[in-house]
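Peer 1: Build me a model:
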Amino acid sequence: MNKPISLEALDLAALLCSRLCHDVISPVGAIVNGLEVLEDERDEGMKQVAMDLVRKSAKQATARLQFARLAFGAAGSVGAQIDLGDAESVARGLLNDERTTIEWKLPRVLLPKNRVKLLLNLLIIANSIIPRGGRIEVAPVGEGDSMGFRLTAQGPNARVPAAVPGLIAGTPAEGIDAHGIQPYYTGLVANAAGLSIAIASEGDSVVISAAKA
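Peer 2: Residues are numbered from 1 along each chain as shown. Here you go, the predicted structure:
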């Protein structure tokens, strides 16, 4: 059994910032490249391709930032609640595309912000389980303020990245870097929300549940 790791607040903040910058730098860089083509290119066809790239990349960057604002941000004062409808909107904006489909079965209610932050972070992990795309079903466990979640990720070669369970538990086999900080942070949010995370393979699917221990 690996020993628990506890990051200093500054290290946690630095690693989360690195992760967020990594997530947005690709679409922002694509926007810059597209604008450079628009400035220098005379061919109207190439200009249209560049404009399409700028539009697509701007939409992608916006979706990633809106998602990150709820998943990692303060989202209001202590004790604040978040509308699950807002969570669904940012989740679909980020993850629902031509490769991956989200089946959202949660009611539209207000939940304590840490539970919603946990849900969104679990969605990131569920998406990593199906790197070639597939389906993610999001369903409730219980109801009211004590509601937990059950996420089922189904797709070709669905599997849990080897390091994820240890990172969620706070007992990684190796140190924590910017790549591993998100599942580690997910474990911290689950503890703050009073929920326990379990991951299990069921046939060609992987089920992630977050509920009272």
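Peer 1: mind listing the strands for the protein?
Peer 2: Taking DSSP state E, the strands of the chain run over residues 81-83, 100-104, 110-112, 134-141, 148-154, 196-202, 205-211.
Peer 1: number of nearby residues for the nearest residue to residue 178 once chain neighbours are set aside?
Peer 2: Using CB to CB, 6 or more residues apart in numbering and skipping residues adjacent in sequence, the residue nearest residue 178 is residue 18, 3.8 Å away. In short, each C-beta sits where N, CA and C put it, glycine included. Using other CB atoms under 10 Å, residue 18 has 14 neighbouring residues.
Peer 1: what separates residue 18 from residue 124, distance-wise?
Peer 2: 15 Å (CB to CB, to the nearest Å).
Peer 1: cool, residue 44 as well?
Peer 2: Taking CB to CB, one finds residue 44 at 40 Å from residue 124.
Peer 1: Mind checking which of those two has more residues around it?
Peer 2: residue 124 (18 against 8).
Peer 1: Local confidence estimate at the more buried one?
Peer 2: As predicted, residue 124 sits at a pLDDT of 96.
Peer 1: With adjacent residues omitted, what lies nearest to it?
Peer 2: In space, residue 124 is closest to residue 182, 5.9 Å off (CB to CB, 6+ apart).
Peer 1: Now do that neighbour against residue 65, distance only.
Peer 2: In terms of CB to CB, residue 182 sits 16 Å off from residue 65.
Peer 1: More neighbours: which of those two?
Peer 2: For residue 182 versus residue 65, neighbours defined as other CB under 10 Å are more numerous around residue 182 (22 against 17).
Peer 1: count of residues packed around the nearest residue to residue 35 once chain neighbours are set aside?
Peer 2: In space, and not counting its chain neighbours, residue 35 is closest to residue 54: 6.4 Å by CB to CB, 6+ apart. As a burial measure, residue 54 scores 19 neighbours (other CB under 10 Å).
Peer 1: now do residue 171
Peer 2: 15.
Peer 1: before we move on, back to that, hang on, isn't the residue nearest to residue 124 packed against residue 122?
Peer 2: No - using CB atoms under 8 Å, residue 182 is not in contact with residue 122, being 10.6 Å away.
Peer 1: circling back to that earlier point, between the strands of the chain, which one is nearest to residue 13?
Peer 2: Nearest to residue 13 among the strands of the chain is strand 81-83 (21.3 Å), distances taken as CB to CB.
Peer 1: can you give me the offset of that closest one from its chain's centre?
Peer 2: 17 Å (CA atoms, centre = their mean, to the nearest Å).
Peer 1: And the contacts of that strand?
Peer 2: 70, 75-76, 108-113, 116-117 (CB atoms under 8 Å, 6 or more residues apart in numbering).
Peer 1: separation between the residue most central in space within the chain and residue 23?
Peer 2: Nearest to the mean C-alpha position of the chain, by CA atoms, centre = their mean, lies residue 124 at 2.9 Å. Distance check for residue 124 against residue 23: by CB to CB, it reads 10 Å.
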